[in-house]
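Visitor: Requesting a structural model of the entry that follows:
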Amino acid sequence: MLEGLKVVEYATYVAAPGAAGIMTDWGADVIKVEPPTGDPIRLFFSSLGVESDLNPIFEMDNRGKRGIVLDTTKAEGRDALLRLIDRADIFLTNVRPGGLKRAGLDPDTVMQRCPKLIYATLTGYGLEGPDADRPGMDAAAFWARSGLAAMFRRKGGEPVQLRTALGDHVASLAIVAGVLAAVH
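Guide: Model (predicted):
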């Protein structure tokens with residue numbers, strides 16, 4: 001369905017990579033850009049003390065992608081990323097707005113360079129306002145700040161353990177829907 005579409009993913013953890021994983025499933029050519037230290041979700045099991053060469057958490061949302069390591073804190077890495085974006089139809093990121101601006105990868109700058117590009121950005125708290133540069137992790141941005149966590153507890157009871165990454169994967173589907181609307 002998406003054969004011929006080229007996607008550059010500059011994202012970590014779950015929500016944006018999950019969206020790119022769906023697009024890969026549907027035939028898009030996705031290049032995942034990671035920093036020299038790798039996507040932090042690669043360390044999920046080791047952070048729990050589990051020694052394993054397998055990481056289904058990372059593999060689930062990054063299946064079928066090609067990958068490249070670029071140090072975008074250096075001019076050479078940033079320029080290499082921009083050259084990838086020059087040849088892409090879609091740029092997907094969840095880097096916080098301040099970081100994108102400092103790197104010269106913010107929507108205004110990139111769209112001036114590539115006016116036909118679909119620029120898809122995901123944040124936990126929007127592109128403007130006092131919380132724009134806060135990290136938008138699933139438990140805080142989706143469950144707690146939305147009030148959903150409170151809705152799942154018994155009346156007067158303690159909060160319940162929530163399924164990790166459920167909100168991230170809901171966001172993944174919403175990103176894909178938005179990107180497909182822009183493609184259409």
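
Visitor: For the protein, just list every one of the helices.
Guide: 15-25, 44-47, 56-62, 75-86, 97-103, 107-113, 148-151, 166-183 (DSSP state H).

Visitor: Which of those comes out lowest on mean pLDDT?
Guide: Across the helices of the chain, the stretch with the lowest average pLDDT is helix 44-47; it has a mean of 75.

Visitor: Centre of the chain to that helix, how far?
Guide: 19 Å (C-alpha atoms, centre = their mean, to the nearest Å).

Visitor: Buried ones in it, by neighbour count?
Guide: Within helix 44-47, the residues that count as buried by 16 or more other C-beta atoms under 10 Å are 44-45. (Glycine included, C-beta is placed from N, CA and C.)

Visitor: helices or strands next to that helix in the packing?
Guide: Identification of packing neighbours for helix 44-47 by 3 or more C-beta pairs under 8 Å, 6 or more residues apart in numbering; DSSP states H and E yields helix 56-62.

Visitor: Met137 is nearest to which of the helices of the chain?
Guide: Closest to Met137 of those, according to C-beta to C-beta: helix 166-183, at 8.5 Å.

Visitor: From the contact counts, what lies against that closest one?
Guide: helix 15-25, strand 90-93, strand 118-121.

Visitor: related to what we said a few turns ago, packed most tightly, which of the helices of the chain would that be?
Guide: Per residue and on average, the most neighbours among those fall to helix 15-25, with a mean of 24 (mean count of other C-beta atoms under 10 Å).

Visitor: Would you mark the buried spots in stretch 87-99?
Guide: Under the neighbour-count criterion of 16+ other C-beta under 10 Å, stretch 87-99 has 88-97 buried.
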